[in-house]
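S.K.: Here's my sequence, what's the structure:
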Amino acid sequence: MIFREVRALYQKEGGKFPDPILKATWNYTHPGEHEPDPKLVAREINGYMTKSGKQIGTFMDLKDDGSTACGNWIYCGSFTEDGNMMARRGVKDTSQKIGLYPEWSWCWPLNRRIIYNRAAVKRNGEPWDQKRWVVKWTGSKWKGDVVDGGPLAGPDKKNPYIMNGEGVGKLFANNLADGPFPEHYEPMESPAVNTLNSQKVNPATVIIDAVRGKFGDAGRYPYIGTSYRVVEHWQAGAMTRNLPWLAELVPDMFCEISPTLAKAKGIQTGDKVKIFNARGSVSAYALVTERVQPWKINGKMVEMVGMIWHFGHGCAKSGDSCNQLTPHIGDANTMIPEYKAFLVDIRKEA
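M.R.: Numbers count the residues shown, from 1 in each chain. Below you'll find the predicted structure:
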């Protein structure tokens, strides 16, 4: 492990501010083993009593006096003295049969299944829907899902939306760059036009000067492009690109297209294709699959090309990065780029 090697260097040669390295708890590997035991890591994340080593059952038992330790408070309760709650596979639903399945795995925090669930009751704790209730107040305690906020208080003591200062839901937000009631805008590259007004781009969005003009339209690039992960590479890029056993599972850049698009373009599974737009082009192997289907948008069928983004420079296995195609324009408030919606064209390589 890298950490053990780094700590050995600190022990041998010293270094600035060594305490976080030398005094860190790192007992997740069994004697003679190379890799950490994920169950030991999970126990550490859950938290424990520092003297007895007993696992903590809920984050409400955490203390600030050194008597407890916890890797992440929202996961406190996921691995208790009763075992690994995340590994549970109980299929029993609650009596009201609304699909909670509280003993299937574990939900953070506190195994709560529905956030803001106290909004499902009136001020007296009576459910709005008597047949499909989520939580309800019995007069002395809550029943149903783990109540969100104020578990010991009655329904009239605390407002349900605990993440808002007012405790109530909002129609208007007072901290957004594009006003208190944002409207929907189509992506910068879209086969459809905005239906609310003729303004193409949210005026509050910042477009980086370096990429102005590097956008295409549906006339030149008729298909919707999107990017996503595959489960075999469900890791950060540094691990995905450089771990041989991950690269072995999915060794090549590929795209997914529908059978109808494949037929129109003369593409079969395994064919090498070129995907391109106003910003660049990438090569990939085609996977023709029913998982991808065209949409009907304004009365017209529009196809999609789905691409994985695990490849790029410095890979253990070579492959083009689909981020050569993604647009550099973001949401007005977060500037998160529109990497999930852009336009491309595709053709079979000779």
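S.K.: how about the strands in the stretch 201-350 of the chain?
M.R.: 223-228, 254-257, 272-277, 280-288, 295-297, 300-302, 304-308, 342-348 (DSSP state E, counting those that start in this stretch).
S.K.: quick one: which of those strands is nearest Asp156?
M.R.: strand 223-228 (45.1 Å; Cβ to Cβ). To be clear about C-beta, it is placed using only N, CA and C from the backbone, and glycine gets the same treatment.
S.K.: would you turn the strands of the stretch 201-350 of the chain into CSV with mean pLDDT and mean neighbour count?
M.R.: Output for these, formatted as CSV (pLDDT from 0 to 100; neighbours: other Cβ atoms under 10 Å):
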stretch, mean pLDDT, mean neighbour count
strand 223-228, 95, 20
strand 254-257, 96, 23
strand 272-277, 97, 20
strand 280-288, 96, 18
strand 295-297, 94, 11
strand 300-302, 96, 13
strand 304-308, 95, 22
strand 342-348, 97, 21
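S.K.: does Arg7 really touch Pro20, like I thought?
M.R.: No. Arg7 is beyond contact range of Pro20, at 10.3 Å (criterion: Cβ atoms under 8 Å).
S.K.: Between those two, which is the more surrounded one?
M.R.: More neighbours surround Arg7 than the other of Arg7 and Pro20, with 17 against 8 (other Cβ atoms under 10 Å).
S.K.: The more buried one: what secondary structure?
M.R.: What DSSP: H, G, I helix; E, B strand; the rest coil gives for Arg7 is helix.
S.K.: confidence score at it?
M.R.: Listed pLDDT for Arg7 reads 91.
S.K.: How about it, nearest residue that isn't a chain neighbour?
M.R.: With sequence-adjacent residues excluded and distances taken as Cβ to Cβ, 6 or more residues apart in numbering, Arg7 is closest to Ile21, at 5.4 Å.
S.K.: before we move on, what about Trp133?
M.R.: Going by Cβ to Cβ, 6+ apart, Trp133 has Pro127 as its nearest residue, at 3.5 Å.
S.K.: Span of stretch 174-183 from start to end?
M.R.: 15 Å (Cα to Cα, to the nearest Å).
S.K.: for the protein, what are the low-confidence residue spans?
M.R.: Counting by pLDDT under 70, the chain shows low-confidence ranges at 1, 210-211, 236-238, 314-318.
S.K.: Just the helices from it, written as ranges.
M.R.: 2-13, 19-22, 38-46, 237-242, 244-249, 259-265 (DSSP state H).
S.K.: Output the contacting helices and strands for the third one.
M.R.: Packed against helix 38-46, as judged by 3 or more Cβ pairs under 8 Å, 6 or more residues apart in numbering; DSSP states H and E, are the following elements: strand 79-80.
S.K.: how far away is Thr289 from Asp209?
M.R.: 39 Å (Cβ to Cβ, to the nearest Å).
S.K.: With neighbour numbers in mind, choose between those two.
M.R.: Thr289 (14 against 7).
S.K.: where's that one relative to Ser283, distance?
M.R.: 19 Å.
S.K.: what's the answer for Lys51, then?
M.R.: On the measure of Cβ to Cβ, Lys51 and Ser283 end up 59 Å apart.
S.K.: same check, this time on Pro259
M.R.: 22 Å.
S.K.: List the residues that contact the closest residue in space to Asn323 that isn't next to it in sequence.
M.R.: For Asn323, ignoring the flanking residues on the chain, the nearest one in space by Cβ to Cβ, 6+ apart is Trp309 at 6.0 Å. Trp309 makes contacts with 227-229, 321-323, 339, as judged by Cβ atoms under 8 Å, 6 or more residues apart in numbering.
S.K.: what do you get for Ile224?
M.R.: Here Ile224 is in contact with 191, 295, 302-305, 341-344 (criterion: Cβ under 8 Å, 6+ apart).
S.K.: how does it look with 7 Å?
M.R.: 191, 302, 304, 341, 343 (Cβ atoms under 7 Å, 6 or more residues apart in numbering).
S.K.: Kindly reformat these as CSV containing distance to Tyr161.
M.R.: CSV is the format used below for the contacts of Ile224 (distance: Cβ to Cβ, whole Å):
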residue, distance to Tyr161
Pro191, 37
Val302, 38
Met304, 36
Ala341, 30
Leu343, 38
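S.K.: Going by distance to Ala278, which of those residues wins?
M.R.: Leu343 (8.2 Å).
S.K.: The closest one contacts Asn277, correct?
M.R.: Yes. In this structure, Leu343 is within contact of Asn277 by Cβ atoms under 7 Å, at 5.9 Å.
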